[in-house]
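In: Build the 3D model from these lines:
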Amino acid sequence: MKNIKSKIIGNQVWITENLTKDQFHDITGRTIPLKNDKWASSHGPKCYSYETNFKFKKKEYLFDLNTVNFFRSFSGEHNTWRIPTLNDLDNLFRNIDGRSSTDYLYEEIANTLRGNYGWLNNGTNKIGFDALPNPIINENGELTELGISRWWFYDERRGELGGFGLYQDDIVAFSGIHNYNAFAIRLVMDLHDPRIENNIIYV
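Out: Next up is the predicted model:
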């Protein structure tokens, strides 16, 4: 994939929309099946599709643990876009208010990351992360839709995948690994002199 909507934040490049199924295929060359029914009982890499009213009813996707594990392995081998790590989140949060994810995270971090529409209490999107509400599938295979957004990240200090997220009450939260969770994906890349045209970053 030669281009993706992205934003330079500090010394990193973050994508500003949730990853799509097609973008996943473009990056990795791997097709992943949709498993919208019987989520928790299905095995193998999969993703879940849903329709959103944001940005002209764009189709969005949630990705399961196996798929994200594959992406992590692929990224390590090809030195490309990666699933954010705890260190990446530290850098992101420090660009907001100078604190890291090991500190208490108050309302201003979530408010800065959240988009300025779609929430009951909208954010400012000051740094261009543009987080919109999106559902998650929890460990019981149940879809939770209102006032929440969560993305996969890798906690290298604990050696496990989890989710970092925004909620309607402005809290940035972290979760441990759950086999049947499904979250959206936001990718990050270290800054390597990208070419920028019309707000599109070419890396």
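In: Residue 9 contacts residue 128, doesn't it?
Out: Yes - the pair residue 9 / residue 128 is scored as a contact, 6.8 Å apart, by CB atoms under 8 Å. In this view, the C-beta of every residue, glycine as well, is placed from N, C-alpha and C.
In: Neighbour count: the two, which is higher?
Out: For the pair residue 9 and residue 128, the greater number of neighbours falls to residue 9 (18 against 15), based on other CB atoms under 10 Å.
In: Check this protein for its longest helix and report it.
Out: helix 65-78 (DSSP state H).
In: That helix: which residues count as buried?
Out: Residues of helix 65-78 classed as buried by neighbour count (16 or more other CB atoms under 10 Å): 65, 67, 68, 70, 71, 72, 74, 75.
In: Format the residues you listed as CSV; extra columns: distance to residue 151 and pLDDT.
Out: Below are the buried residues of helix 65-78 laid out as CSV (distance: CB to CB, whole Å; pLDDT from 0 to 100):
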residue, distance to residue 151, pLDDT
65, 13, 90
67, 13, 93
68, 10, 94
70, 17, 93
71, 12, 94
72, 14, 93
74, 18, 93
75, 15, 90
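In: tell me which of these is nearest to residue 33?
Out: residue 67 (9.8 Å; CB to CB).
In: Excluding covalently adjacent residues, which one is nearest to the closest one?
Out: residue 45 (4.2 Å; CB to CB, 6 or more residues apart in numbering).
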